[in-house]
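>>> Structure for the following, please:
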Amino acid sequence: MKSILNHASVFISLVLASFYSIGLMYHQSFLMAFGIEETQFPLSIDRIFYQGFFAFAELTAPNVVFVVFCASGVLITAYLALLVVEVAKRVNVVKPILSKLQKAFTQEPNKVELSPVLEGFTEFSTKVFWYICAGVLSYLSVLLVLIAAEHAGKANAQRYKDKFTNNEVAIDTLLVEVSKSEFETFRDYSIVCNSSQCAYFDGVTSSVFNNSAVKSLRSKPISI
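Model (predicted):
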């Protein structure tokens, strides 16, 4: 129990980092599907965590299998990295090769001895190579999970668009001041809002209006 408590902070940090990455990717891909720049609607930290949890909950069955597969890949990669470290500590796979080369060189009429510095550098280079391979595999595994989150965001945006067609989303009628003393009426679907502006979608194009420019807003409820 004590060991679990000692590693609880690390585990919680990893979970929050995962939700943060997934939530950010999900939010970005969802807005990109509507042609909206994500930087116009930055999320607070708690909202990013919420989006990450929501994105994971919204994953379809194939995506869940894909995420589990990627997570297992990360776990396997971690164990392979530990195995590489232990093998590098206990078994020197380079030294026998260098010994054979040195033996072949010393049997020639002109004997050549390999420098101990060169041998050490070769062993070190081999370890670095395996560490880099393990790091690249870990990076690719995490990248696959983020791709799954991006796919989930785009899929959810498409489902949201389908609801527009089926009249399952309330449509807003806005009176917007497009220029001084000039007003225009828009009938759009609300996508995302913050304290200063809102983004709307009319089924074809997206528009972003400052809240100060919206003089009135009427929402037509959906029919149940």
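>>> For this protein, give me the ranges with low pLDDT.
For the chain, residues meeting the criterion pLDDT under 70 lie at 1-12, 14-15, 54-75, 77-82, 84-119, 223-224.
>>> Tell me which stretches of it form helices.
For the chain, the helices defined by DSSP state H cover 2-6, 8-32, 45-57, 61-90, 94-106, 116-165.
>>> got the buried residues for the second one?
What it means is helix 8-32. Of all the residues in helix 8-32, those buried under the rule 16 or more other Cβ atoms under 10 Å are 18-19, 21-31. (Glycine included, C-beta is placed from N, CA and C.)
>>> Can you tell me what sits against that helix?
Here helix 8-32 makes contact (Cβ atoms under 8 Å, 6 or more residues apart in numbering) with 37-38, 41, 43, 45, 47-56, 142, 145-146, 149-154, 156-157, 191-192, 199.
>>> That helix vs helix 116-165, what angle?
50 degrees (axes from the mean of the first three to the mean of the last three Cα atoms, to 10 degrees).
>>> Give the buried residues for stretch 213-224.
Of the residues in stretch 213-224, those buried under the neighbour-count criterion (16+ other Cβ under 10 Å) are Val214.
>>> got the CA coordinates for it in PDB?
Once non-C-alpha atoms are left out, stretch 213-224 reads as follows in PDB (Å, rounded to 0.1, in the frame of the first residue of the first chain):
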ATOM      1  CA  ALA A 213     -21.600  43.300 -32.000                       C
ATOM      2  CA  VAL A 214     -24.500  41.000 -31.300                       C
ATOM      3  CA  LYS A 215     -27.500  43.200 -30.500                       C
ATOM      4  CA  SER A 216     -30.100  40.500 -30.100                       C
ATOM      5  CA  LEU A 217     -30.200  36.700 -30.200                       C
ATOM      6  CA  ARG A 218     -33.300  34.500 -30.500                       C
ATOM      7  CA  SER A 219     -33.000  30.700 -30.200                       C
ATOM      8  CA  LYS A 220     -35.600  28.400 -31.800                       C
ATOM      9  CA  PRO A 221     -35.900  25.300 -29.600                       C
ATOM     10  CA  ILE A 222     -35.800  21.900 -31.100                       C
ATOM     11  CA  SER A 223     -39.000  19.900 -31.600                       C
ATOM     12  CA  ILE A 224     -39.100  16.700 -29.400                       C
END
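>>> Going forward, the N-terminal residue is numbered 30.
Sure, I'll start counting at 30 from here, so that last one is stretch 242-253.
>>> For Asn239, which non-adjacent residue is spatially closest?
Spatially, and ignoring its direct neighbours in sequence, Asn239 is nearest to Gln226 (5.1 Å; Cβ to Cβ, 6 or more residues apart in numbering).
>>> Can you tell me how far that neighbour is from Tyr168?
In this structure, Gln226 and Tyr168 are separated by 36 Å, where distance is defined by Cβ to Cβ, to the nearest Å.
>>> More neighbours: which of these two?
Taking Gln226 and Tyr168 together and counting by other Cβ atoms under 10 Å, Gln226 has the greater number of neighbours (16 against 11).
>>> what is the orientation angle of the biggest strand by length in the chain with helix 37-61?
Across the chain, the longest stretch assigned as strand under DSSP state E is strand 211-222. With the same axes, to 10 degrees defining the directions, strand 211-222 sits at 150 degrees from helix 37-61.
>>> packing partners for strand 211-222?
When contacts are defined as 3 or more Cβ pairs under 8 Å, 6 or more residues apart in numbering; DSSP states H and E, strand 211-222 sits against strand 200-208, strand 226-230, strand 235-239.
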